[in-house]
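[1] the following block contains a protein sequence and its predicted model.
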Amino acid sequence: MAEPLNEIVDDLGLTTDDIAGCLRVHKQTVERWRRNRTLPQTEVRRRLEALFAAIDHLRDTFSTVEARRSWLRQPSNYLGGFTPVEEIRAGRVDRVDADLSRLDRGIFD
């Protein structure tokens, strides 16, 4: 559990607060997972799997770390002017994934 979470933090620059918001857990809970002290429970694990799937989609869409980080922090018309990071923090990973799908299909704002 720790390795994929640490990759998200290190590679994409997401914060523990971003991940905690997405998963609707406390920041300290994410920190414990990152240190392999505990594991997420069933419902949170489903949300975490959705986050990992969206991150995999992001990696498939953008080939460089810089491009991924940049996209995550750019306001999106599809997301109502919010950035993908803001949507992740709010737990709306499905909207981020849908925005990536639009880009994959060549639909740009």
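    Good, I have the coordinates.

[2] and the lowest-mean-pLDDT helix or strand in the chain, what does it pack against?
    Each helix and strand of the chain was given a mean pLDDT (mean pLDDT, DSSP states H and E); the minimum falls on helix 2-12 at a mean of 88. If you count contacts as 3 or more Cβ pairs under 8 Å, 6 or more residues apart in numbering; DSSP states H and E, helix 2-12 packs onto helix 16-23, helix 27-34, helix 42-61, helix 65-72. Just so you know, the C-beta spots here come from the backbone N, C-alpha and C atoms, and that holds for glycine as well.

[3] what pLDDT does the model give the residue nearest to Gly13 when sequence neighbours are not counted?
    In space, and not counting its chain neighbours, Gly13 is closest to Arg69: 5.3 Å by Cβ to Cβ, 6 or more residues apart in numbering. As summarised for this prediction, Arg69 has a pLDDT of 96.

[4] quick one on the thing from earlier: which one of the helices and strands packed on helix 2-12 is the most hemmed in?
    helix 16-23 (a mean of 20; mean count of other Cβ atoms under 10 Å).

[5] can you name the residues in contact with that helix?
    By Cβ atoms under 8 Å, 6 or more residues apart in numbering, the surrounding residues in contact with helix 16-23 are 5, 8-9, 26-27, 29-31, 34, 40, 44, 47-48, 51, 85, 88-91, 93.

[6] ok, now with 10 Å
    Counting by Cβ atoms under 10 Å, 6 or more residues apart in numbering, helix 16-23 makes contact with 5, 8-9, 12, 14-15, 25-31, 33-34, 40, 43-48, 50-51, 54, 72, 85-93, 96, all of which sit outside it.

[7] I am finished for the moment; much appreciated.
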